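1. Need the 3D shape of this:
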Amino acid sequence: QVQLVESGGGLVQAGGSLRLSCAASGRTFSNRAMAWFRQALGQEREFVAGISWSGSTTSYGEPVKGRFTISRDAAKNTLFLQMDSLKPEDTAVYYCVVRRISYSPLIQRAEYDYWGQGTQVTVSS
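-> Numbers count the residues shown, from 1 in each chain. Next up is the predicted model:
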């Protein structure tokens, strides 16, 4: 059984920082592309950041470029999202996602096979 468990969300003031973590279990994810999506209330799911199976390539959504950094610890099956200079518009539920097929490319579409339960991030102005 694949499990993705996000943590690190919370309430922060605008300009502050948070670091999200995603612990993956059930199988090895070191050779699978992983990403973060978010969904604000009443809005569509949005790609935030992704990292290739090798870790050599990263991709970011336009709203977070230059402020967020995605990374992974393959040995610990853990994905991270460092979020700096947070803005009220970053308020959303953040989801960790993984592709099922090994060595498949990083994509920005929401066509990932495994999703975590999400963690709430709220940025106050």
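2. For the most centrally placed residue in the chain, list the residues it contacts.
-> With distances taken as CA atoms, centre = their mean, the residue of the chain nearest its centroid is residue 36 (2.2 Å). By CB atoms under 8 Å, 6 or more residues apart in numbering, the residues touching residue 36 are 20, 22, 48, 49, 50, 70, 79, 81, 94, 95, 96, 97. (Glycine included, C-beta is placed from N, CA and C.)
3. just checking, which of the residues you listed belong to strands?
-> The strands, defined by DSSP state E, take in 20, 22, 48, 49, 50, 70, 79, 81, 94, 95, 96, 97 from the contacts of residue 36.
4. rewinding a little: need the contacts of residue 36 in a markdown table (columns: distance to residue 59 and pLDDT).
-> A markdown table is the format used below for the contacts of residue 36 (distance: CB to CB, whole Å; pLDDT from 0 to 100):
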| residue | distance to residue 59 | pLDDT |
| --- | --- | --- |
| 20 | 17 | 98 |
| 22 | 17 | 97 |
| 48 | 10 | 98 |
| 49 | 7 | 98 |
| 50 | 5 | 97 |
| 70 | 8 | 98 |
| 79 | 14 | 96 |
| 81 | 13 | 98 |
| 94 | 16 | 98 |
| 95 | 16 | 98 |
| 96 | 15 | 97 |
| 97 | 13 | 96 |
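5. Between the residues you listed, which sits nearest residue 4?
-> residue 96 (4.8 Å; CB to CB).
6. Bridge partners for the closest one, pull those for me.
-> residue 36 (DSSP bridges).
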